[in-house]
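J.: Sequence first, then the predicted structure, then my questions.
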Amino acid sequence: MDPRQSADSPKIFENALLEKLSRAHPRLPVVMYGPLMLLLLFLALTSGPALAALAAALAGYVCWTLTEYFGHRYIFHLVLPGAFGARLHFLIHGIHHEYPNDPWRLVMPPLMSLPVLGLAALLVDAIFGPALFAPAMAGYLAGYIVYDTMHYELHHRDQKTAAGRWLKRMHMLHHFRDDTRGFGISCPWLDYCFGTAMSERAGHG
């Protein structure tokens, strides 16, 4: 059986094209955005001071972590009223909580990631300016790639390290115990900064 037609990966659109676009191979973020990230970093390191480029890349990465945390907390878990609001929430993130083992919907498909990263590019340009856009955007893309890849790994891979097991445990608690906490998947420290850290024992921080 095609795994995309399994009980863990339900059909959510009647339109065949939309259904196809709602799915993504777990390695797509690396393949699609990894070369662009490396190109931007290369251009930055070869066209200006390396220290400034690395500092801007780090700042871009920090910007991603804030996007991840606040996007997950306030957009992915926003429930709007009415049937349309419920459907929108389901398509954006609710489906992931209902079918957390769906391997084809654990990373953002291009239909979702392209608009998000396009808007991010405009904001990065406005914040850092043309001179530092390349390294800052490279750092932002690096953060996104780490996030999407880590999210898949936490759901579908046994973790061999203590840190990996802890991250998986915290994310599973978010799914199955308390979805009002534990929003930072690749940046769990932000949950401690903003008071939404998950406690393994009590289910709340």
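T.: Perfect, I can see it now. Keep in mind it's a predicted model, so treat the numbers as computed, not measured.

J.: make it CA atoms for all contacts and neighbour counts henceforth
T.: OK.

J.: Which parts of the protein are helices?
T.: Remark: helices assigned in the chain by DSSP state H are 16-21, 28-47, 50-70, 82-89, 95-98, 110-156, 162-176, 189-193.

J.: which stretch among those comes nearest Phe183?
T.: Counting by Cα to Cα, Phe183 lies closest to helix 50-70 out of the helices of the chain; the figure is 5.6 Å.

J.: Contact partners for Val30?
T.: Val30 makes contact with Ile145, Thr149, according to Cα atoms under 8 Å, 6 or more residues apart in numbering.

J.: Quick check: it vs Tyr144, distance?
T.: Here Val30 is placed at a distance of 10 Å from Tyr144 (Cα to Cα, to the nearest Å).

J.: Make JSON lines out of the helices of the chain and add mean pLDDT and distance to Phe183.
T.: Shown next, in JSON lines, are the helices of the chain (pLDDT from 0 to 100; distance: least, Cα to Cα, whole Å):
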{"stretch": "helix 16-21", "mean pLDDT": "92", "distance to Phe183": "25"}
{"stretch": "helix 28-47", "mean pLDDT": "96", "distance to Phe183": "20"}
{"stretch": "helix 50-70", "mean pLDDT": "97", "distance to Phe183": "6"}
{"stretch": "helix 82-89", "mean pLDDT": "92", "distance to Phe183": "16"}
{"stretch": "helix 95-98", "mean pLDDT": "94", "distance to Phe183": "13"}
{"stretch": "helix 110-156", "mean pLDDT": "97", "distance to Phe183": "12"}
{"stretch": "helix 162-176", "mean pLDDT": "96", "distance to Phe183": "8"}
{"stretch": "helix 189-193", "mean pLDDT": "97", "distance to Phe183": "7"}
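
J.: buried stuff in stretch 168-185?
T.: Neighbour counts over stretch 168-185 (16 or more other Cα atoms under 10 Å) mark 168, 170-175, 177, 179, 181-185 as buried.

J.: Columns distance to Ser113 on top of the residues you listed, output as JSON lines?
T.: Shown next, in JSON lines, are the buried residues of stretch 168-185 (distance: Cα to Cα, whole Å):
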{"residue": "Lys168", "distance to Ser113": "23"}
{"residue": "Met170", "distance to Ser113": "25"}
{"residue": "His171", "distance to Ser113": "21"}
{"residue": "Met172", "distance to Ser113": "24"}
{"residue": "Leu173", "distance to Ser113": "26"}
{"residue": "His174", "distance to Ser113": "23"}
{"residue": "His175", "distance to Ser113": "22"}
{"residue": "Arg177", "distance to Ser113": "28"}
{"residue": "Asp179", "distance to Ser113": "23"}
{"residue": "Arg181", "distance to Ser113": "24"}
{"residue": "Gly182", "distance to Ser113": "22"}
{"residue": "Phe183", "distance to Ser113": "18"}
{"residue": "Gly184", "distance to Ser113": "18"}
{"residue": "Ile185", "distance to Ser113": "17"}
